[in-house]
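Q: My questions concern the predicted model and sequence given below.
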Amino acid sequence: MLSLQFIRENTDRVRRDMLLRNAEVNIDRILQLDEQRRALLQQVEGLRAKRNATSKAIGASKDPAEREARIAEMRLVGDEIERLEGKLRTVEAELQQRLYEVPNIVDEAVPRGPDETSNVIVETVGEPRKFDFVPRPHWELGVIVDGLDIERGARMSGSRFYVLKGPLARLQRALIQFMLDEHVAAGFTEAYVPYMLSEASLLASGQLPKFRDNLYRDAEEDFYFIPTAEVALVNYHRDEIIPPGQLPQRFVAHTPCFRREKMSAGRDVRGIKRGHQFEKVEMFVYCEPEASPAEFDLLVSRAKHIAAALELPHRVVALCSGDLGFNAARTFDLEVWAPGQGEWLEVSSASNCLDFQARRANIRYRPAPDAPLRHPHMLNASGLALPRTVIAVMENYQQPDGSIVVPPPLRRYMDAEVIPAVAPPPPRD
């Protein structure tokens, strides 16, 4: 979250950035509540000081009548303190709720624009493969190799669920293992994290209160199913002070992710591009503020490394201000080309959240033994997301008969060079 001090001292910047984000945030109300809070605190502290001084005077007084009068006066003071404290609690509760709803500032390097149409392509790597046949989309290839069953997945759980089996289940597992191995070799620490988190954890990470409707929640207990491993890793140091010399910390985790996708109703209804449950390898960094630009570049480079190793045509896209996520001050997406669908698929979002999540999670660090405490910066990036990487591999490596060549880096994990076609191609739409 943004600190009250930052909002007070940078009010024009905050108002500007909220407009750039298309965020409906009442900054004036926050400032008004802050003034009320500080005025109430001053009154309460003044009355407490008066009560303490009078208590000492009562103890020193020898006059019974004077003592009785002062005691009666203190009862009134106590009642007034109680009234003001109740009012203070109400003001602080509203202020805290409104602060939770304020998104991050916008980094000065972010392109300005109202929506995704203003995003900027930073870099394109690789040329789309030229096919001597019409490439098929992944939902047709999945039938040909007998590895995808959308109908039975929907029968089990409803729309946006599917079953991967046989060679495609192995392909997804191979991709996950390959990604983890690559990131660990680059110095990231692998983490296994809970898939269910408390409401306090979701508040700390910034998913709540804004995205409550897009989260799956246990109906009886205080558990939310994670939408990404980022949420868990934000909370790894919640309410802690990180000792000197322990930054940066770089983590990588593979988890399932659960999202209701209410904001995507009616989009991407064919295939498995968008689902309520999917796998993702996530990278996460805690670092000192001065290091976060370099760590951001590192995360982008790690995502690009995976796409390049798989020889998938890919591009880096800088999100504009109107397309930024709630927590992010700056975001680069990595997209891979899917020739069967004829579109670019987002497989990674790398975001620098500055100290936004650290403040929400009450995480601080001490740069040196005698140095004052500071909030670390926190960054995250997919490295990469499934099943879109599976889709990209299927569609880029397909053969005329619908078989799929296994990318060289994955062959040792799958012990195969080709996923064979075992069923006749379905009729084209």
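A: Yes, it's here. Numbering: from 1, shown residues only.

Q: would you put the C-alpha positions of stretch 383-395 in PDB?
A: Provided in PDB are the C-alpha atoms of stretch 383-395 (Å, rounded to 0.1, in the frame of the first residue of the first chain):
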ATOM      1  CA  GLY A 383       8.700 -18.400 -15.400                       C
ATOM      2  CA  LEU A 384       6.500 -19.600 -17.300                       C
ATOM      3  CA  ALA A 385       2.800 -20.200 -17.100                       C
ATOM      4  CA  LEU A 386       1.000 -23.400 -18.200                       C
ATOM      5  CA  PRO A 387      -0.900 -24.500 -20.200                       C
ATOM      6  CA  ARG A 388      -0.200 -21.700 -22.600                       C
ATOM      7  CA  THR A 389       3.400 -22.800 -22.900                       C
ATOM      8  CA  VAL A 390       2.100 -26.300 -23.600                       C
ATOM      9  CA  ILE A 391      -0.100 -24.800 -26.300                       C
ATOM     10  CA  ALA A 392       2.800 -22.900 -27.900                       C
ATOM     11  CA  VAL A 393       5.000 -26.100 -28.000                       C
ATOM     12  CA  MET A 394       2.100 -28.100 -29.500                       C
ATOM     13  CA  GLU A 395       1.300 -25.600 -32.200                       C
END
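
Q: Residue 313 - how many residues pack around it?
A: 20 (other CB atoms under 10 Å). C-beta here means a position set from N, CA and C on the backbone, and glycine is covered the same way.

Q: how much space between the residue in the chain sticking out farthest from the centre and residue 70?
A: Farthest-out residue of the chain from its mean C-alpha position, per CA atoms, centre = their mean: residue 63, at 66.3 Å. Distance from residue 63 to residue 70, counting by CB to CB, to the nearest Å: 10 Å.

Q: Check residue 288 too.
A: Applying CB to CB to residue 288 and residue 70 gives a distance of 54 Å.

Q: what do you get for residue 88?
A: 26 Å.

Q: Where does the prediction get shaky in the stretch 151-300 of the chain?
A: For the stretch 151-300 of the chain, applying pLDDT under 70 flags the ranges 262-269.

Q: Could I get the full set of strands for it?
A: Along the stretch 151-300 of the chain, counting by DSSP state E, counting those that start in this stretch, strands occupy 163-164, 189-190, 196-197, 224-225, 241-242, 249-258, 277-287.

Q: so can I have CSV of those strands showing distance to residue 387 and mean neighbour count?
A: Converted to CSV, the strands of the stretch 151-300 of the chain look like this (distance: least, CB to CB, whole Å; neighbours: other CB atoms under 10 Å):
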stretch, distance to residue 387, mean neighbour count
strand 163-164, 8, 20
strand 189-190, 21, 12
strand 196-197, 22, 20
strand 224-225, 18, 20
strand 241-242, 35, 15
strand 249-258, 11, 21
strand 277-287, 6, 24
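
Q: Residue 176: which of those is closest?
A: Closest to residue 176 of these, according to CB to CB: strand 249-258, at 5.3 Å.

Q: Just the mean pLDDT for stretch 304-311, thanks.
A: The average pLDDT within stretch 304-311 is 98.

Q: helix/strand/coil for residue 346?
A: With DSSP: H, G, I helix; E, B strand; the rest coil as the basis, residue 346 sits in strand.

Q: What are the buried residues along stretch 97-107?
A: Within stretch 97-107, the residues that count as buried by 16 or more other CB atoms under 10 Å are 98, 99, 102, 103, 104, 105, 106, 107.

Q: Let's see which of the residues you listed end up in helices.
A: The helices, defined by DSSP state H, take in 98, 99 from the buried residues of stretch 97-107.

Q: now the buried residues of stretch 97-107 as TSV including pLDDT and distance to residue 203?
A: Compiled in TSV, these are given as follows (pLDDT from 0 to 100; distance: CB to CB, whole Å):
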residue	pLDDT	distance to residue 203
98	96	14
99	96	11
102	97	13
103	97	14
104	98	15
105	98	20
106	98	22
107	98	24
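
Q: can you map out the helices along the stretch 301-429 of the chain?
A: Using DSSP state H, counting those that start in this stretch, the helices of the stretch 301-429 of the chain run over 356-360, 388-396, 411-414.

Q: Ok, which of those comes nearest residue 175?
A: Closest among the helices of the stretch 301-429 of the chain, once you apply CB to CB, is helix 388-396, at 5.7 Å.

Q: What helices and strands are in contact with the closest one?
A: With contacts taken as 3 or more CB pairs under 8 Å, 6 or more residues apart in numbering; DSSP states H and E, helix 388-396 sits against helix 138-144, helix 166-185, strand 330-338, strand 343-352.

Q: angle of it against strand 277-287?
A: For helix 388-396 against strand 277-287, the angle by axes from the mean of the first three to the mean of the last three CA atoms, to 10 degrees is 120 degrees.

Q: For helix 388-396, give me every contacting residue.
A: 129, 135-138, 141-142, 164, 168, 171-172, 175, 271-273, 306, 310-313, 336-341, 345-347, 404, 407, 410 (CB atoms under 8 Å, 6 or more residues apart in numbering).
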